[in-house]
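Engineer: curious how this folds, go ahead:
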Amino acid sequence: MSGAPRGRGDEGRRRRSAARLYAVQALFQMESAGAAVDRVVREFESHRLGEPIEGEPMPEGHVDLFRRIAREAVNHQARIDQMTDRALVAKWPIDRLDPTLRALFRAAGAELVATDTPPRVVIAEYVDIADAFYPEGREKAFVNGVLDHMAREARPEAFDG
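Structural biologist: Next up, the predicted model:
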């Protein structure tokens, strides 16, 4: 959509995208530090949302979406991890994944099972996040395939017809 005016809708989209990135980072931190979701959410809200990442300015982030993804990822972690396991190649359980990918799949899974965000939007957003974490690009196709499988399991009606 080049040439499209950049209005409030575009700003809202950037804030939602930033919230997803922050949620992946928060889930990674929770697992790494063994911290509780509420503590990490508070820390992010107080010190990280909107802060530059590697010198790049970041939007504030959609706080409600950030909170919801982080909390729902914890609330539905067993289901999300099972969905992820089924989407992975046999004998490669989620426990063997890079912790960043685990956090990404859990955040995306939370949106798939606990929000009404269209699955194709969830897939596109988290593939973009994978590209930010893994710029060499190999993980992008992997993430796309796993998320497509998870989305079809979580919300098959979105893919009918």
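Engineer: could I get the full set of helices for the chain?
Structural biologist: Per DSSP state H, the chain carries helices over the ranges 8-33, 37-47, 63-75, 77-87, 99-114, 119-133, 138-154.
Engineer: mind checking which of the ones you listed is nearest Glu56?
Structural biologist: Nearest to Glu56, of all these, is helix 119-133, at 9.9 Å by CB to CB. (Each C-beta comes from the backbone N, C-alpha and C, glycine too.)
Engineer: that closest one vs helix 99-114, what angle?
Structural biologist: Counting by axes from the mean of the first three to the mean of the last three CA atoms, to 10 degrees, helix 119-133 points 170 degrees away from the direction of helix 99-114.
Engineer: so what's the closest residue to Arg152 other than its chain neighbours up against?
Structural biologist: The spatial neighbour of Arg152 that comes closest, neighbours along the chain excluded (CB to CB, 6 or more residues apart in numbering), is Phe159 at 5.5 Å. For Phe159, the contact set (CB atoms under 8 Å, 6 or more residues apart in numbering) comprises 119, 151-152.
Engineer: from Ala132, how far out is Arg20?
Structural biologist: 10 Å (CB to CB, to the nearest Å).
Engineer: looking at these two, which one has more neighbours?
Structural biologist: Neighbour totals were compared for Arg20 and Ala132, and Arg20 leads with 25 against 13 (other CB atoms under 10 Å).
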